[in-house]
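Student: Below: sequence and its predicted model.
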Amino acid sequence: MRRAILPKHVAAVVRYQRDPLIALEMFNSVRKEDGFKHTLSTYKCMIEKLGFHGEFKAMENLLVEVRSNIDSGLLEGVYIGALRSYGRKGKIQEAVNVFERMDFYGCEPSVQSYNAIMNILIENSYFNQAHKVYLRMRDKGIAPDVYTFTIRIKSFCRTGRPHAALRLLRNMTSQGCDHNAVAYCTVIGGFYVENYR
């Protein structure tokens with residue numbers, strides 16, 4: 001009697017297979033096994049593997065498939081992985097498109113999604129667009145977290161406004177967030193770059 005293939009086995013093989021297209025071939029072939037059905041974790045793993053290796057057409061095809069097989073409300077982590085993959089490869093518009101489509105496909109972006117897209121925009125010097133995303137997040141009533149503040153502090157520092165970054169750092173606690181080491185270091189780095197003492 002054969003042992004059943006479990007989703008955790010498929011995810012492990014996908015994770016450790018170096019070639020993303022071989023991993024995709026295995027991912028697709030396992031569907032033929034009696035009773036096997038891909039889960040959120042197997043889809044997420046495969047989508048991240050394809051995105052990491054720049055196989056975006058295959059990644060997009062899998063995104064279409066996952067939307068039809070998994071409840072859309074559970075897909076935020078999958079979308080975040082996809083937009084980060086685009087961001088790592090400098091495909092900023094594609095990352096923004098993934099973010100914008102989340103709502104359309106019934107996956108309400110949370111603060112984690114907003115943070116991910118803002119960070120991608122800032123890392124690629126789209127500071128005004130990142131600020132607009134932040135304002136949209138606030139308009140939707142989504143509260144910023146410590147990562148949101150740290151991302152905004154980074155934006156202020158990279159645009160030569162370390163004093164604004166310091167002001168934001170000081171105001172974090174009044175907005176319900178504790179300071180973290182990254183926020184402090186970012187502000188210090190911003191002042192250093194601007195030759196402030």
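Tutor: Received it, and whenever you're ready, just let me know what you need. Residues are numbered from 1 along each chain as shown.
Student: From here on, just use CA atoms for contacts and neighbour counts.
Tutor: Fine.
Student: Point out where the chain drops to low pLDDT.
Tutor: Along the chain, the model assigns pLDDT under 70 to residues 1-3, 196-197.
Student: again, only using 50
Tutor: 1, 197 (pLDDT under 50).
Student: Identify the residue nearest the most centrally placed residue in it in space, chain neighbours excluded?
Tutor: In the chain, the C-alpha nearest the mean C-alpha coordinate belongs to I80, at 3.1 Å (CA atoms, centre = their mean). Nearest residue to I80 in three dimensions, chain neighbours excluded: S113, at 6.0 Å (CA to CA, 6 or more residues apart in numbering).
Student: number of nearby residues for that neighbour?
Tutor: By other CA atoms under 10 Å, 21 other residues sit near S113.
Student: quick one: it and T148, what's the gap?
Tutor: Taking CA to CA, to the nearest Å as the criterion, S113 is separated from T148 by 10 Å.
Student: quick one: contacts of stretch 183-197?
Tutor: For stretch 183-197, the surrounding residues in contact (CA atoms under 8 Å, 6 or more residues apart in numbering) are 149-150, 153-154, 157-158, 160-163, 165-166, 169.
Student: can you do 7 Å?
Tutor: With contact meaning CA atoms under 7 Å, 6 or more residues apart in numbering, stretch 183-197 is reached by T150, I153, K154, C157, G160, P162, A165, L166.
Student: of all the residues you listed, which two lie farthest apart?
Tutor: Maximum pairwise distance among these (CA to CA): 15.5 Å, between T150 and G160.
Student: quick one, which of those two is more surrounded?
Tutor: Shown here are T150 and G160; by other CA under 10 Å, T150 has more neighbours (26 against 14).
Student: Name the helix or strand for the closest residue to the more buried one other than its chain neighbours, please.
Tutor: Distances taken as CA to CA, 6+ apart put A183 closest to T150, at 5.1 Å, once the chain neighbours are dropped. Here A183, judged by DSSP states H and E, is contained in helix 181-193.
Student: buried set for that helix?
Tutor: Residues of helix 181-193 classed as buried: A183, Y184, T186, V187, I188, G189, G190, F191 (neighbour count, 16 or more other CA atoms under 10 Å).
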